[in-house]
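S.K.: Kindly generate the corresponding structure for this input.
(chains A, B, C and D)
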Amino acid sequence: MSLNVSDLCIARGGLPVLEGVSFILRPGGALILRGPNGIGKTTLLRSIAGLQPPLGGEVRGGEDRIAYSAHSDGLKSALTVTENLQFWASVFGTRSIEAALAAYDLTALHDRPAGTLSAGQKRRLGLSRMLVTGRPIWVMDEPTVSLDQASVALFAAAVQAHLASGGLALIATHIDLGLAADVLDLGPYRAKPLALDDFDGAFL
Amino acid sequence: MMALLIRDLRLAVRAGGGFGLGLAFFLIVTVLVPFAVGPQSDLLARIAPGVLWLGALLSCLLSLDRLLALDWEDGSLDLLATAPLPLEAVISIKALAHWITTGLPLVLAAPLLGVLLNLPLDGYRWLVVSLLLGTPALSVIGTFGAALTVGLKRGGLLLSLLVMPLYVPTLIFGAEAARRGAMGMGVETPLLMLAGISAGVIALMPFASAAVLRINLR
Amino acid sequence: MWPDLGKYGETVLSAYAASLLLLGVLVVLTLWRGKRVRRIMEDLEQRMRRDG
Amino acid sequence: MSIWEYANPRKFLQSSERVMPVLWLSSGVLISVGLIWGFFFTPDDYRQGSTVKIIFLHVPAALMAINAWFMMLVASLIWVVRRHHVSALAAKAAAPVGIVMTLIALATGAIWGQPMWGTWWAWDPRLTSFLVLFLFYLGYIALWEAIDNPDTAADLTAILCLVGTVFAVLSRYAVNFWNQGLHQGASLSLDEKENVADAFSNPLYVCMAGFALFFLALVFYRTGTEIRARRIKALLARQRQEA
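M.R.: Predicted coordinates:
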């Protein structure tokens, strides 16, 4: 089943930032979001993940099928790598975390507390969470921050494998991942400012 | 859901989890009371149930701002909100974990501190029963306050200001039951009211807390 | 004309004084903030119209 | 024509601008008449002496303190259900008026209680309930002030208002149970014999009507201010976005 985004209009802090965003993401396909800072990439991804209601338009095919990865990884520094990942695996009802640890080269670190990991290792642990969700649609916000070249390759391989098994991926990033993915530039969707005298419900 | 409960309990007892801080606070407040009101044992015996209830309430309040703020800061709340658990369940589990790590130890410690305050012998049973019935309500109401202030930088004081008026009915019935018990009077009415409040807030409050949390996550 | 308030004169007058003072403060603060906000908004609207 | 037309901020501002002079004037006249009537032309009570004159401030203020919260509750519900911004802002505008009314009721009550009960303050159920109401107002106002995003603030305070109402009612029962109290029963009611005498009730009615209109005038004015403040915020945000 594909992810259908049609005529989405989203706001940040009460002001519309993007309007008319439409795309269709089919199984096995990936879409890279591009656009200057502050254009609303994060807000768009949060809307698609269902954290934030859009001003208008709709997202179809996303309910309970999206795994969302934000800027922060939601790691608990007092828990070990295994405990962190095992927690998310049980929340999402999947059993094994071995494959996820292996995919991001974390097996050797499995009993280290997450607080003692380096920034890149933490990020890898955060990304490995996507593998234990068992969900088909990955929505990821700047996944490659603080990753070195080798780790980016690991990530690209994980996405590649996910797509090959019929998954979907929606990724906001500036790095070229070497994926056969469509690119959506958000620039043209920037919301036009309302007329100054349009003094109604939204006060603008 | 068990996984979330186990994780929260594990986090509370690991280093930096703050387990035991509430208990220590409870002890200190109780020890300070005789310094403030004087050492006469009959006076202490009379105010002991109220002091112990107030001490338990304040210790509970103290630990509330960590309840959701830590999960907010590291992004876990966002991820939990997109997980297959309903947010109402997440909130209820968090309140339960808070009760197990804060409320339950307070209930168990209260009789020991009652000795320090010369609590009459009849009072111990009803003090423990009233705390056992009342502290779950304190945790659940407190979770609502924590959800309201979760995104705020300096939410701690505001959290207390918002939660304390909501604690009034619980405190009145709980302390009244403990007081009547200590004086050898009938405790059925306040205990029933207390149990009613606890049951009501446990059943309904998670919906309000989850609604508030959803708004704050937007 | 002035009513005989008896031994409670102070009580009654202080109650009236306190209430009217509180109401007065409320009205003054309300009007002051209202005027200020209205002025700021009009300035801002004018400037934004001029600048386009 | 639907009443929801007034949910448009501009429409609301225009119509309230027209109503407000009438409200200010009539409330001023009614309060002056009621207070002068009550202060100068009512007899002393045989038990309470001249202190009974405090009733003309105490009762209307207490009445408006509760009605203001009730109005905030209704406005919050309208916001939650229909998402009219003016409604949320009206609730915000009413809270400080409500807290001042609560303060007046508490202050006049304390001043009145001193000669009658021999104490400024007693933990009587009515007094205590008003103190609790005062705390609820404080929390509500503090929450509005603490949150930057106006829509988030409106949502959160609306839910706080709903939950707070339930707990305020619960507290009222709890406090009644906890202490039976010294306060006299309701001052005005239809079927009770224990009512204030006619000589006092007429100016009291005038004062109550005056306070109600005064409350309305203040809320209209303050809602206008909040609408403008909200527009300033929106304009500034837009300026930042364009820059």
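S.K.: ok, now how distant is residue A:93 from chain B?
M.R.: Between residue A:93 and chain B the computed distance is 7 Å (Cβ to the nearest Cβ, to the nearest Å). From N, CA and C alone the C-beta is placed, and that goes for glycine too.
S.K.: Just give me the neighbour total for that residue.
M.R.: 12 (other Cβ atoms under 10 Å in any protein chain shown).
S.K.: Same check on residue D:118?
M.R.: Neighbour tally, residue D:118, other Cβ under 10 Å: 8.
S.K.: With residue A:168 instead?
M.R.: Residues near residue A:168, counting by other Cβ under 10 Å: 25.
S.K.: Which residue ranges of chain B form helices?
M.R.: B:2-13, B:21-37, B:41-62, B:65-73, B:76-81, B:87-98, B:104-116, B:123-148, B:155-182, B:188-217 (DSSP state H).
S.K.: CA atoms of the shortest one as CSV?
M.R.: Once non-C-alpha atoms are left out, helix B:76-81 reads as follows in CSV (Å, rounded to 0.1, in the frame of the first residue of the first chain):
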residue,chain,number,x,y,z
SER,B,76,11.3,9.5,23.8
LEU,B,77,7.8,11.1,24.1
ASP,B,78,7.7,11.8,20.4
LEU,B,79,8.6,8.2,19.6
LEU,B,80,6.2,6.8,22.2
ALA,B,81,3.4,8.9,20.7
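S.K.: and that helix, anywhere near chain D?
M.R.: No: figure legend: helix B:76-81 not in contact with chain D (Cβ under 8 Å from any Cβ of the partner chain); closest approach 15.1 Å.
S.K.: Would you tell me which residues of chain B are close to chain D?
M.R.: Residues of chain B lying near chain D by Cβ under 8 Å from any Cβ: B:144, B:148-149, B:151-152, B:155, B:158, B:161-162, B:164-166, B:168-169, B:172-173, B:176, B:189-190, B:193, B:197, B:205, B:208, B:211-212, B:215-216, B:218.
S.K.: what does chain C give?
M.R.: C:1-9, C:11-12, C:14-16, C:18-19, C:22-23, C:25-27, C:30-31, C:33-34, C:37-38, C:40-41, C:44-45, C:48.
S.K.: Weed out the non-buried ones from those.
M.R.: C:5, C:8, C:11-12, C:15-16, C:18-19, C:22-23, C:26-27, C:30, C:34, C:37, C:40-41, C:44-45 (16 or more other Cβ atoms under 10 Å in any protein chain shown).
S.K.: Now do the contacts for the most centrally placed residue in chain A.
M.R.: Most central in chain A under Cα atoms, centre = their mean is residue A:140, positioned 1.4 Å from the mean C-alpha point. Contacts for residue A:140 (Cβ atoms under 8 Å, 6 or more residues apart in numbering or on different chains) come out as A:45, A:68, A:69, A:127, A:130, A:169, A:170, A:171, A:172, A:173.
S.K.: I'd guessed the last one sits against residue A:30; true?
M.R.: It stands for residue A:173. No: using Cβ atoms under 8 Å, residue A:173 is not in contact with residue A:30, being 10.7 Å away.
S.K.: backbone phi and psi for residue A:77, please?
M.R.: Main-chain dihedrals, residue A:77, degrees, to the nearest 10: phi -70, psi -20.
S.K.: Can you verify my assumption that it contacts residue A:125?
M.R.: No: counting by Cβ under 8 Å, residue A:77 does not reach residue A:125; the two are 11.1 Å apart.
S.K.: Have a look at these two and say which one is more surrounded.
M.R.: residue A:125 (22 against 16).
S.K.: Looking at the more buried one now. What's its pLDDT?
M.R.: Here, the pLDDT recorded for residue A:125 equals 92.
S.K.: That one: what secondary structure?
M.R.: helix (DSSP: H, G, I helix; E, B strand; the rest coil).
S.K.: ok, now which ones touch it?
M.R.: Residue A:125 sits next to A:73, A:75, A:81, A:84, A:85, A:104, A:106, A:114, A:117 when contact means Cβ under 8 Å, 6+ apart.
S.K.: now, which of those lie within helices?
M.R.: Residues of the contacts of residue A:125 located in helices (DSSP H): A:81, A:84, A:85.
S.K.: so which of those also contact chain C?
M.R.: Counting by Cβ under 8 Å from any Cβ, no member of those is near chain C.
S.K.: Can you show me the helices along the chain?
M.R.: You didn't pick a chain, so chain A it is. Using DSSP H, helices in chain A cover A:41-49, A:81-91, A:98-103, A:119-133, A:149-164.
S.K.: Can you look at chain D instead?
M.R.: Assigned by DSSP H, chain D shows helices spanning D:9-40, D:55-82, D:85-117, D:125-146, D:150-178, D:198-242.
S.K.: now the fourth one: how far from the chain's centre is it?
M.R.: Its chain's average C-alpha position is 12 Å from that of helix D:125-146, according to Cα atoms, centre = their mean, to the nearest Å.
S.K.: helices and strands around that helix, which ones?
M.R.: Judged by 3 or more Cβ pairs under 8 Å, 6 or more residues apart in numbering or on different chains; DSSP states H and E, the packing partners of helix D:125-146 are helix B:155-182, helix D:55-82, helix D:85-117, helix D:150-178.
S.K.: Return the residues of chain C in contact with chain A.
M.R.: For chain C, the residues in contact with chain A (Cβ under 8 Å from any Cβ) are C:45, C:48, C:49.
S.K.: low-confidence ranges in chain B?
M.R.: Applying pLDDT under 70 to chain B picks out residues B:15-17.
S.K.: any chance of the helices and strands packed on helix D:125-146 in a markdown table, plus mean neighbour count and distance to residue A:135?
M.R.: Output for the helices and strands packed on helix D:125-146, formatted as a markdown table (neighbours: other Cβ atoms under 10 Å in any protein chain shown; distance: least, Cβ to Cβ, whole Å):
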| stretch | mean neighbour count | distance to residue A:135 |
| --- | --- | --- |
| helix B:155-182 | 24 | 32 |
| helix D:55-82 | 21 | 32 |
| helix D:85-117 | 23 | 36 |
| helix D:150-178 | 20 | 28 |
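S.K.: Now distance to chain A too, for those helices, in TSV please.
M.R.: What follows is the helices and strands packed on helix D:125-146, written out as TSV (distance: least, Cβ to the nearest Cβ, whole Å):
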stretch	distance to chain A
helix B:155-182	19
helix D:55-82	11
helix D:85-117	6
helix D:150-178	6
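S.K.: Tell me the strands beside the helix or strand of chain A with the lowest mean pLDDT, with direction?
M.R.: Least confident helix or strand, chain A: strand A:182-185 with a mean of 86, by mean pLDDT, DSSP states H and E. Applying DSSP bridges, strand A:182-185 is found paired with strand A:30-34 (parallel).
S.K.: Now do the shared contacts for residue A:77 and residue A:125.
M.R.: Counting by Cβ under 8 Å, 6+ apart, the residues touching both residue A:77 and residue A:125 are residue A:114.
S.K.: pLDDT below threshold where in the chain?
M.R.: Defaulting to chain A. Using pLDDT under 70, chain A drops low at A:194-204.
S.K.: my bad, chain D
M.R.: By pLDDT under 70, the weakly predicted segments of chain D are D:1, D:180-197, D:243.
S.K.: Could you rerun that using 90?
M.R.: Within chain D, the ranges that satisfy pLDDT under 90 run D:1-14, D:17, D:37-55, D:82-85, D:112-128, D:148-151, D:172-203, D:230-243.
S.K.: Give me every residue in it lying close to chain B.
M.R.: Going by Cβ under 8 Å from any Cβ, the residues of chain D near chain B are D:132, D:135-136, D:138-139, D:142-143, D:146-147, D:152, D:155-156, D:159-160, D:162-164, D:167-168, D:170-171, D:173-175, D:177-178.
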